[in-house]
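# please work out how this folds:
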Amino acid sequence: MLEQSHVLVVDDNEANRDVLSRRLMRQGIRTSTAENGRRALEQVRSAAFDLILLDVMMPEMNGYQVLERLKADPALRHIPVIMISAVDDIDSVVRCIELGAEDYLFKPFNPVLLKARVEASLEKKFLRDKERAYLKAVKQELELGRRTQADFFPVELP
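Residues are numbered from 1 along each chain as shown. As a prediction, the model looks like this:
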């Protein structure tokens, strides 16, 4: 599961992006990075990601704004987002969760906690993807059954 994962790391600080990327790559996770919110939104529209690690405080477009746009877009809202911040503020955590974040991590990162939360988020995403695929298959089967039934039973009876 992890080996097939693709995670986008978004942070305006290059050192933070590098640290996160290296830790994820050690787990066998493929990573891409973005230095700001605008670049992150461009990337998620052009490539498939299984998880986004998103810094809260960034210039131009902060993490809250990026999160709002991700969750407002039907094509992107299914991507789980873990917010990252050096600000140890419960209001920020609550705001992110209310906006749709999957989780929240504080800087500096605890490697064990980072690993556990990334793995849990990816596992939940893969289960949701599996459920979505199953529901799609059920809907297709149901539609096929309806068409078959319509072929056997005409709409108008004599």
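# not including adjacent chain positions, what is the nearest residue to Lys96?
Residue 96: Cys, not Lys. Met83 (4.3 Å; C-beta to C-beta, 6 or more residues apart in numbering). Glycine gets a C-beta too; all of them are placed from N, C-alpha and C.
# now do Met61
Met61 sits nearest to Gly37 (C-beta to C-beta, 6+ apart), 3.2 Å away.
# and the one you found, how many neighbours does it have?
Neighbourhood size, Gly37 [other C-beta atoms under 10 Å]: 24.
# ok, it to Val10 distance?
7 Å (C-beta to C-beta, to the nearest Å).
# let me know the average pLDDT across the longest helix that the chain contains.
Selection of the longest helix in the chain by residue count, based on DSSP state H, yields helix 111-152. Across helix 111-152, pLDDT averages out at 91.
# ditto for stretch 92-99
Rounded mean pLDDT across stretch 92-99 is 94.
# buried residues, that stretch. List them.
The neighbour-count check on stretch 92-99 (16 or more other C-beta atoms under 10 Å) flags Ser92, Val93, Arg95, Cys96, Leu99 as buried.
# can you list the residues that contact that stretch?
With C-beta atoms under 8 Å, 6 or more residues apart in numbering as the test, stretch 92-99 has contacts from Val56, Gly63, Tyr64, Leu67, Glu68, Lys71, Met83, Ser85, Tyr104.
# ok, the fourth one - contacts?
Going by C-beta under 8 Å, 6+ apart, Leu67 touches Leu54, Val81, Met83, Cys96, Leu99, Gly100, Ala101.
# ChimeraX command for the buried members of the residues you listed?
To isolate the buried subset of the contacts of Leu67 in ChimeraX, counting by 16+ other C-beta under 10 Å, use the following:
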select :54,81,83,96,99,101
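# distance check, the residue nearest to Met61 against Gln65.
Taking C-beta to C-beta, one finds Gly37 at 6 Å from Gln65.
# quickly list what Val81 is bridged to.
Beta bridges link Val81 to Ile52 when assigned by DSSP bridges.
# how close does it get to Ala120?
In terms of C-beta to C-beta, Val81 sits 14 Å off from Ala120.
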